[in-house]
Structures are given as structure tokens and as C-alpha cells.
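>>> Need a 3D model of the sequence below.
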Amino acid sequence: MIGFADFIRRPNRAAAAIVFLVALAAGMHDAAAQQRPPAAGPGRPPAEQAPTVREQAFQDWRYRCLRTAANQPEQCVAFIEILLPDTNQRLANFAVVVVPGQPTPVGTLTLPLGLFLPAGIQIAIDGQNPLAAPLTTCVAEGCQVSLNLDAGILPRMQAGKQANITFVDNSGERRAITINLSLAGFAQALAALRR
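Okay, here's the model as predicted:
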């Protein structure tokens, strides 16, 4: 097993961008996208451009960009959501961003609350060579893991079919739970993100 030191470096400079883009991936942009600026009138400057969102699907992965104003750059994210089959509720979300000045893409995996934090998580691409990673923080949306997708993991994700993510619940039994995250379309969504 590869240790988390080979896989994780906490990208503190990118934290604000990642939080915003995880929210964007989760669809929390709706309120901003629906707001319209006031029309021009006496004593008011001309109206600014309304926020725009564009999205593209790459098999199981999606690519979404938000532009909040005409003079602002787009902020983009590649992401996948894992939904519970019976209720269609989100179980997990994996969002990837490219942060200017960072040498590698940064991923944020959001898992459900109620995890046994000291156990961290394990990620195995196509069942091979699991990587250990610590849970970084827990927020209202769930517990998060921040990952620098460096040469040790990124090529495997691009070529892989599935990532198995294992975590431990915080019940008295401390059961290991594994969820499957499809990598179908990941390479294409990442390519769109890097453009």
C-alpha cells in the first residue's frame, strides 16, 4: 500500500476555490444563476451580464463552468455524484479543479457524515494498490478529503474504469463501507478542465 504522504499534500492556497467549486458541482449555483441584475435607469449604470452556467457530460462525469460577470473568468469543475439507487439522494461527490499556480489538479471527495475520522479512507483504482488518505474536514454537506492528483494517481484514474472508496462508519460496529466511483469519462472531463 502506498502511504498517504505519497498521495496527499493539503493544498491550502486552493482551499477557497475548491470550496466554491465543490458547491458549484453540487448544484448550489442555482440561486446565483437565477438572480438578474437591475435594469439600467436614471442614476443607475447599465445592467451587468447575468451569471452564466455551461455544462457538458462525459459519460458518468460532468464538466460545469460558471461566469458570474462579463469581466470575470469562468470557474470550472469536473465532477461526479454517486446517488443512492432507491432514493436518488447524493451519497458522495468527487470534484476536480485546476488551480492556477498549482502543478497538479486538486480533487475534493465529499462523503456522508457519520464516518470514523481516524480511519481516513482508502482509494483503489480498478482494485489495485490502495492509497490511504486522511479525512480533512467535516462540513454540513459531509466529510471531505482533499487530494492532489499527482503522477502517482492521476494516470491511473485516467486509464481506470472504477475507483473503490472505502471508509469506516462511526457506529459501534465500525463497519468498513466501500462505494464504487465510475471513472468512465474522467479523462475527457479532465481534458476539458485543462483547456
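>>> CA atoms for contacts and neighbours, from now on please.
Noted.
>>> partners of Glu81 in the sheet?
Asn93 (DSSP bridges).
>>> tally of neighbours for it?
Using other C-alpha atoms under 10 Å, Glu81 is surrounded by 21 other residues.
>>> Please report how far it lies from Tyr63.
12 Å (C-alpha to C-alpha, to the nearest Å).
>>> Would you state the secondary structure element containing the most centrally placed residue in the chain?
Closest to where the C-alpha atoms of the chain average out (C-alpha atoms, centre = their mean) is Ala95, at 1.3 Å. For Ala95, the host element (DSSP states H and E) is strand 90-97.
>>> tell me what that strand is packed against?
helix 15-25, strand 75-83, strand 106-111 (3 or more C-alpha pairs under 8 Å, 6 or more residues apart in numbering; DSSP states H and E).
>>> which residues in this structure form strands?
Secondary structure of the chain by DSSP state E: the strands cover 52-58, 61-67, 75-83, 90-97, 106-111, 121-125, 128-133, 137-139, 142-148, 162-168, 176-182.
>>> Ok, which of those comes nearest Arg195?
Between Arg195 and the strands of the chain, the shortest gap by C-alpha to C-alpha is with strand 75-83, which sits at 10.3 Å.
>>> hey, C-alpha coordinates of the closest one in PDB?
In PDB, the C-alpha atoms belonging to strand 75-83 read as follows (Å, rounded to 0.1, in the frame of the first residue of the first chain):
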ATOM      1  CA  GLN A  75     -14.600  29.000 -12.800                       C
ATOM      2  CA  CYS A  76     -14.800  25.300 -13.900                       C
ATOM      3  CA  VAL A  77     -15.000  21.900 -12.200                       C
ATOM      4  CA  ALA A  78     -15.100  18.300 -13.400                       C
ATOM      5  CA  PHE A  79     -17.200  16.200 -11.100                       C
ATOM      6  CA  ILE A  80     -19.200  13.000 -10.500                       C
ATOM      7  CA  GLU A  81     -22.000  12.400  -8.000                       C
ATOM      8  CA  ILE A  82     -22.800   9.000  -6.500                       C
ATOM      9  CA  LEU A  83     -26.500   8.600  -6.000                       C
END
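>>> do you know which of the strands of the chain lies nearest Arg156?
Of the strands of the chain, nearest to Arg156 by C-alpha to C-alpha is strand 121-125, at 6.7 Å.
>>> Comparing the helices and strands packed on strand 90-97 by mean pLDDT, which bottoms out?
Note on the helices and strands packed on strand 90-97: lowest mean pLDDT is at helix 15-25, with a mean of 45.
>>> what about the closest residue to Gln89 other than its chain neighbours, distance to Leu109?
Setting aside the residues directly before and after it, Gln89 is nearest to Leu83 in space (C-alpha to C-alpha, 6 or more residues apart in numbering), at 5.3 Å. Shown here: Leu83 relative to Leu109, a distance of 14 Å by C-alpha to C-alpha.
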